[in-house]
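>>> Output the structure for:
(chains A and B)
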Amino acid sequence: MTTTTPRTRTTTRVPGEARPAVAPRRGPRGVVWIPLAAVLLLVTVVVAVTIGPADVSVGDAAASVAGHLGMGGLVEAPSRLVDAMVWELRMPRVLTAACVGAGLALCGVVMQSLTRNPLADPYLLGLSSGASLGAVLVLLVGVSVLLPVAAFVGSTAALVATLLLAGASGGVTPARTVLAGLAVGQAAAAATSFVIFTSAQGDSYREVLTWLMGSVAGSTWTEVAIAGGAVLVLGGLLVSTGSVLDAFTYGDTAAAALGVHVARTRWTMLIGVAVLTGALVAVSGAIGFVGLILPHAVRFLTGARHRLLLPLSALFGASFLVWSDTAARTVVAPSELPVGIVTAAIGAPVFTLLLWRRRAA
Amino acid sequence: MSGLRIDHVSWGVGRRLIVDGVDCTAPAGAVTGLCGPNGSGKSSLLRLVAAIRTPAAGVVRFGEDDLTTMRRRDRARALALVEQDAHTDLPLLVGDAVLLGRTPHRAPLAGPTDADHAVAAAALARAGAAGLADRDVSTLSGGERQRVHMARALAQSPDLLLLDEPTNHLDVAARLETMRLVRSLAAGGITVLAALHDLDLAASACDHVVMLAEGRVVTAGPVDEVLVPDVVEKVYGVRCAVLRHPRTGRPVLAFDLE
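The predicted structure follows:
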């Protein structure tokens, strides 16, 4: 314990300034975006549930949801077919997409900030490759555990390997962490390719490819619970760290000079991001580009203040993935695309555009 | 009035000592220059004082406080560090960059208050950068950027200001402007310790100078006693004459080419 007496002097004094100038209240600029993004997400979820091979009206969807939430007496019940379609198929899928999109965008912001690397994404520590290896072992080799469990174990193993490798090479600095993640990711990817090459036959190729590209097809309320629980708990904690991430704006030394425990903060937040990403990858596979693009797009709209950037990225990420998944299941209906193809198809040109605009600005 | 006292501080990488038993003081309300050749340990010593590095031995005291064992947030309220070449790639307004300085003054997860905004605005004005508040930091010139860094440090309301080469890459007008600000802050009671490359600038702007070489203090004291031909020759291996500025009476170093 320190013996230092608490500082009681006024903390609002600027040195050498007898009377601090009173600043015009600048106000919480940009906060108006948050209700806008929340409304967008709500509309997105409602509309996405009505889109599909069979028409469902907004009223039917609302009635089905109300029925299952114990408010069935308030509205006329929809037919059992429509009810099953809304409640058993579309709602879980749309909500899983929303949770995964929110979580990935949030993790992307935190990773980009902690590593000071604009190309960072939630998979930077080799997580997606580790998860893929776990999933492929289940799908092809027939390791008899549930697929989400195998994927989560795989991503956790990759995280541990990355942090050990970075720690062994001299500390969890941004550069070392990124390089260690690259090494672990490449090793896991090689192992995954080896397993696919030696074991995959016939239709299993398609199944594996779908998982590797990322998909929320076939999501049930179990997936909603896993992804939603992880996003609410870990995502909620991450959203609250805006001030801490802001302190890293000018790098580690500047953060330390502002009173931040740099090493402890980085470890804690990296592990939080990794566990959240692991839970998301477990339900949806490795959906690319959401965690890379959304932070950049939102920063372009509102600037780099994390107290705004974190919640907005989560909200926009959720809407983005719901629309991407809606496109994935309707564009080539009755067949469907892995949603990772859609996010890449949208993400790559958007990223190019953002780079272009930023250069011009 | 409190001052900075560095007692027998050592720090190294592996077996090599970068800072080797440094003893020196920086009196309150004065500008103390930290001079010495490249690699003499100036930046390392500043980081040790800021407790970003932990000394292998020795104590750093500021007034009553032991800076090395103080709680992080209390320390960040007492001292501010202006790094050399601090930069960010993020799109950020100057006003928001300066607000970062308020971080140690509020709860870890809280946002800036009205009072924080007022202090940040006052700090910008104090650093002569009031008009820059709504600019993006990436659009600033070198001199403007330095003023913003100073404002960010002032927003911390420090009693001790550590500056690492604050005039690096600046033109002569911006250099003088920076040192004028530093002098007026010291006159207001702040203790300033500034690593300075430029001996002429140290001669014209510092009250005291600590001369380092190979991690050790060669000599320390009032500027007139430290920046003398013998010391400069011993430390840098160059010869010079010390003249008097005809108007200010301050020392001016004139170096021999032969």
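>>> gap between stretch B:40-47 and the chain center?
11 Å (Cα atoms, centre = their mean, to the nearest Å).
>>> CA atoms of it as CSV?
Coordinates of the C-alpha atoms in stretch B:40-47 are reproduced here as CSV (Å, rounded to 0.1, in the frame of the first residue of the first chain):
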residue,chain,number,x,y,z
SER,B,40,23.5,9.6,-22.9
GLY,B,41,20.3,8.4,-21.2
LYS,B,42,18.2,11.6,-21.4
SER,B,43,15.0,10.0,-22.6
SER,B,44,15.5,7.0,-20.4
LEU,B,45,15.8,9.2,-17.3
LEU,B,46,12.6,11.1,-18.2
ARG,B,47,10.8,7.8,-18.5
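>>> What are the buried residues along it?
B:40-47 (16 or more other Cβ atoms under 10 Å in any protein chain shown). (C-beta placed from N, C-alpha, C; glycine too.)
>>> SS state for the residue nearest to the spatial centre of chain A?
By Cα atoms, centre = their mean, chain A has its centre lying nearest to A:L104, at 1.0 Å. When classified by DSSP: H, G, I helix; E, B strand; the rest coil, A:L104 comes out as helix.
>>> Looking at the stretch 51-200 of chain A, which residue is nearest chain B?
A:P118 (6.6 Å; Cβ to the nearest Cβ).
>>> Now do the same contact list for that residue.
A:112, A:296, B:89 (Cβ atoms under 8 Å, 6 or more residues apart in numbering or on different chains).
>>> For those residues, which entry has the maximal number of neighbours?
Neighbour counts for the contacts of A:P118 were taken using other Cβ atoms under 10 Å in any protein chain shown; the highest belongs to A:Q112, with 25 neighbours.
>>> how close does that one get to A:F316?
Using Cβ to Cβ, to the nearest Å, A:Q112 is found at 15 Å from A:F316.
>>> Export the contacts of A:P118 as JSON lines, with columns for pLDDT and distance to B:C35.
Converted to JSON lines, these look like this (pLDDT from 0 to 100; distance: Cβ to Cβ, whole Å):
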{"residue": "A:Q112", "pLDDT": "91", "distance to B:C35": "39"}
{"residue": "A:H296", "pLDDT": "92", "distance to B:C35": "44"}
{"residue": "B:D89", "pLDDT": "84", "distance to B:C35": "32"}
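>>> wait, what's in contact with the spatially most central residue of chain B?
Computing the C-alpha centroid of chain B and ranking residues by Cα atoms, centre = their mean puts B:L163 first, at 1.7 Å. Each residue near B:L163 by Cβ under 8 Å, 6+ apart is listed here: B:81-82, B:182, B:192-195.
>>> Which of the residues you listed fall within helices?
Using DSSP state H, the members of those that fall in helices are B:V182.
>>> what two of the contacts of B:L163 have the greatest distance between them?
The most widely separated members of the contacts of B:L163 are B:L81 and B:V182, with 13.9 Å between them, by Cβ to Cβ.
>>> Between these two, tell me which one has more neighbours.
It is B:L81, of B:L81 and B:V182, that has more neighbours when counted by other Cβ under 10 Å, with 27 against 22.
>>> Beyond the helix or strand that A:Y205 is a member of, next helix or strand please.
Element membership for A:Y205, per DSSP states H and E: helix A:204-213. For helix A:204-213, the following helix or strand on the C-terminal side (DSSP H and E) is helix A:221-230.
>>> contacts for that following helix?
Identification of contacts with helix A:221-230 by Cβ under 8 Å, 6+ apart yields A:92, A:95-96, A:99-100, A:103, A:148, A:216, A:275-276, A:279-280, A:282-284.
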